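S.K.: need coordinates for the following:
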Amino acid sequence: MLVLARRPGQKIVFPSLGIAVEVLRSRGSVMRLGIEAPDDVPVLRDEVLNKTSNPTVLPDAGPEPALQKQRRHELRNKLNQVTLRLQLLQRQLELGQATDPEQALSEVFSELSELEQSTADSVVVSTPPSVLIVEDQPNERELLATCLRIGGITVYTTGNGREAFDFLHEHELPDLVLLDMRMPDMDGPTFLKNVREDMRLHDIRVFGVSGSSRDEFSSSPLPIDGWFPKPVRIDSLLQAVRAERAPATTKV
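M.R.: Next comes the predicted model:
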């Protein structure tokens, strides 16, 4: 059991649950509490203080595996029970009906601590998007790679279309290919043609990055998913790369 002594103005915070409880006033056997909690957890809003950051306990959007959905449901039920106990204690304190408010509050804190610990195995973190840069100019290639890495992107590099084609067959596929269009030893259009005809690679997303305009390369539309003219605006490129990546998650 968690046993704590709190003076007025002091808080107990459970960051993984998004809950904070503050002792507002203590007078004899009467104690006044303030409760901060996520919007989807029912609490008495009149006593909630300035809202703090509201971390997500479990993902609430998009398809979920059945087991993860069940765990989220169970966790929310437990959290709801604890907050209902807090509300009941708050009401009893206001009416002067709480026989041992410090003991009751300590028990609630203990339950919140257990819930806080139980979320440790359910924290979800996003994996960074991955990009393959295909560029024959070494300085330009490394500068672009460094800019993307600083932006939190996983980056691989190759020097021409042939190297890139071999890389894609020998490694796990990246989320996106950034393709220079004018290169020796398999240029951009040839690389695109080979990729779109390959059963394993034909759906991979490819953005052209070129100092030439898109319509200079073919009389028919290129089988390409996006285009960035040089000089490249890194902020726009980062935004596009992140948008390409579905929010894959990994439990830690």
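S.K.: okay, CA-based contacts and neighbour counts for the rest of this
M.R.: OK.
S.K.: longest helix anywhere in the chain?
M.R.: helix 66-95 (DSSP state H).
S.K.: check which residues of that helix are buried.
M.R.: For helix 66-95, a neighbour-count test (16 or more other C-alpha atoms under 10 Å) marks 72, 75-76, 79-80, 82-87, 89-93 as buried.
S.K.: buried residues of stretch 127-134, list them for me.
M.R.: Of the residues in stretch 127-134, 128-134 count as buried by neighbour count, 16+ other C-alpha under 10 Å.
S.K.: swap in stretch 162-179?
M.R.: Applying 16+ other C-alpha under 10 Å to stretch 162-179 flags 162, 164-165, 167-168, 173-179 as buried.
S.K.: neighbouring contacts of that stretch?
M.R.: By C-alpha atoms under 8 Å, 6 or more residues apart in numbering, the surrounding residues in contact with stretch 162-179 are 129-135, 158, 185-186, 188, 191, 195, 201, 204-210, 241, 244-245.
S.K.: likewise stretch 201-220?
M.R.: Residues contacting stretch 201-220 (C-alpha under 8 Å, 6+ apart): 168, 173, 175-182, 189, 195-196, 221-222, 224-232.
S.K.: could you redo the last one with a cut-off of 7 Å?
M.R.: 175-181, 195-196, 224-230 (C-alpha atoms under 7 Å, 6 or more residues apart in numbering).
S.K.: farthest-apart pair in these, please.
M.R.: Maximum pairwise distance in the contacts of stretch 201-220, criterion C-alpha to C-alpha, is 24.4 Å, between 196 and 230.
S.K.: break down this protein into its strands, ranges please.
M.R.: 11-14, 19-27, 30-36, 124-126, 130-134, 154-158, 176-180, 206-210, 226-229, 249-251 (DSSP state E).
S.K.: least reliable of those going by mean pLDDT?
M.R.: Among those, strand 249-251 has the lowest mean pLDDT, at a mean of 43.
S.K.: where does pLDDT dip in the chain?
M.R.: Applying pLDDT under 70 to the chain flags the ranges 1-20, 23-69, 72, 115-126, 218-220, 245-252.
S.K.: identify each buried residue in stretch 236-246, please.
M.R.: Quick answer for stretch 236-246 (16+ other C-alpha under 10 Å): 237-238, 241-242.
S.K.: what residues does that stretch touch?
M.R.: For stretch 236-246, the external contacting residues (C-alpha under 7 Å, 6+ apart) are 129, 148, 175.
S.K.: using TSV, lay out the residues you listed together with distance to residue 21.
M.R.: Listed next are these as TSV, based on distance: C-alpha to C-alpha, whole Å:
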residue	distance to residue 21
129	38
148	42
175	43
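S.K.: closest one of those residues to residue 154?
M.R.: Closest approach to residue 154 among the contacts of stretch 236-246 (C-alpha to C-alpha): residue 129, at 6.1 Å.
S.K.: ok, now which ones touch the closest one?
M.R.: For residue 129, the contacting residues are 153-154, 175, 242, 245, by C-alpha under 7 Å, 6+ apart.
S.K.: wait, what's in contact with the residue nearest to residue 207 when sequence neighbours are not counted?
M.R.: Of all residues not flanking residue 207 in the chain, residue 226 sits nearest, at 4.4 Å (C-alpha to C-alpha, 6 or more residues apart in numbering). By C-alpha under 7 Å, 6+ apart, the residues touching residue 226 are 206-208.
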